[in-house]
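Trainee: Return atomic coordinates for the entry below.
(chains A and B)
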Amino acid sequence: AQSVTQLGSHVSVSEGALVLLRCNYSSSVPPYLFWYVQYPNQGLQLLLKYTSAATLVKGINGFEAEFKKSETSFHLTKPSAHMSDAAEYFCAVTLGNQFYFGTGTSLTVIP
Amino acid sequence: NAGVMQNPRHLVRRRGQEARLRCSPMKGHSHVYWYRQLPEEGLKFMVYLQKENIIDESGMPKERFSAEFPKEGPSILRIQQVVRGDSAAYFCASSPPGGLEYTDTQYFGPGTRLTVL
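Mentor: Now for the predicted structure:
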């Protein structure tokens, strides 16, 4: 079975600081992994996805994520937080016939 | 190229009424997915449809919920005899044909927020 765990439902960082949002997955076979961002009252927007090519995946808005099989992790990072990064972030894994989403991490950026 | 369209954006129903949620996929997309997001929770898969076919409805409640994606027109998620527990945001996503099912990028609409009084 596949599942996703996002550690920390709320993360606060100062503007300009490193952003680290954690995601661990469980999958019996190599997964496809995604990060989505959701701004208030909007749908989800794809940030990046891992599909078994390069383990370090670069996405939009300066975000990147690294697939670490040994740690079953796919953490999302950004070197310097911007006020516009404040949003809800969802990690998702898909294999077979469904997308499994984590419960989300709400990112607050402090000026 | 317009994105995924959903309407209405907000829907209020009284208990026992029917709710109809519409989703128009992106141009050229033939795969449609419906998700439900309860407050403080992530998205839960409900159903995956292609034109005139339900491919996977394993996430749909057994009663009162149905979905269709006709040859012409938008996909419809129908909830009959709504109850307060149906209050949630319902998101539709679409993906293009020819890609890997379930693994291709899904493009999400803005959602319909259903409130049951």
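Trainee: Spell out which parts of chain A neighbour chain B.
Mentor: When proximity is defined as C-beta under 8 Å from any C-beta of the partner chain, chain A approaches chain B at A:9, A:32, A:34, A:36, A:41-46, A:49, A:51, A:90, A:94-104. From N, CA and C alone the C-beta is placed, and that goes for glycine too.
Trainee: Buried ones among those residues?
Mentor: Applying 16 or more other C-beta atoms under 10 Å in any protein chain shown to the residues of chain A next to chain B, the neighbour count classes A:32, A:34, A:36, A:43-44, A:46, A:49, A:51, A:90, A:94-95, A:98-102, A:104 as buried.
Trainee: and the helix or strand of chain B with the lowest mean pLDDT, what does it pack onto?
Mentor: The helix or strand with the lowest mean pLDDT-type score in chain B, counting by mean pLDDT, DSSP states H and E, is strand B:107-108 (a mean of 88). Using 3 or more C-beta pairs under 8 Å, 6 or more residues apart in numbering or on different chains; DSSP states H and E as the contact criterion, the secondary-structure elements in contact with strand B:107-108 are strand A:44-50, strand B:88-95.
Trainee: The last one - what's its average pLDDT?
Mentor: Confidence over strand B:88-95, taken as the mean pLDDT, stands at 92.
Trainee: which stretches of chain B have low pLDDT?
Mentor: B:1, B:98-104 (pLDDT under 70).
Trainee: that's a helix at residue A:84, yeah?
Mentor: Yes: assessed with DSSP: H, G, I helix; E, B strand; the rest coil, residue A:84 lies in a helix.
Trainee: returning to that earlier point: tell me the most buried of the helices and strands packed on strand B:107-108?
Mentor: Counting by mean count of other C-beta atoms under 10 Å in any protein chain shown, strand B:88-95 has the highest mean neighbour count of the helices and strands packed on strand B:107-108, with a mean of 24.
Trainee: Next, the angle from it to strand A:44-50.
Mentor: When axes from the mean of the first three to the mean of the last three C-alpha atoms, to 10 degrees is applied, the directions of strand B:88-95 and strand A:44-50 differ by 50 degrees.
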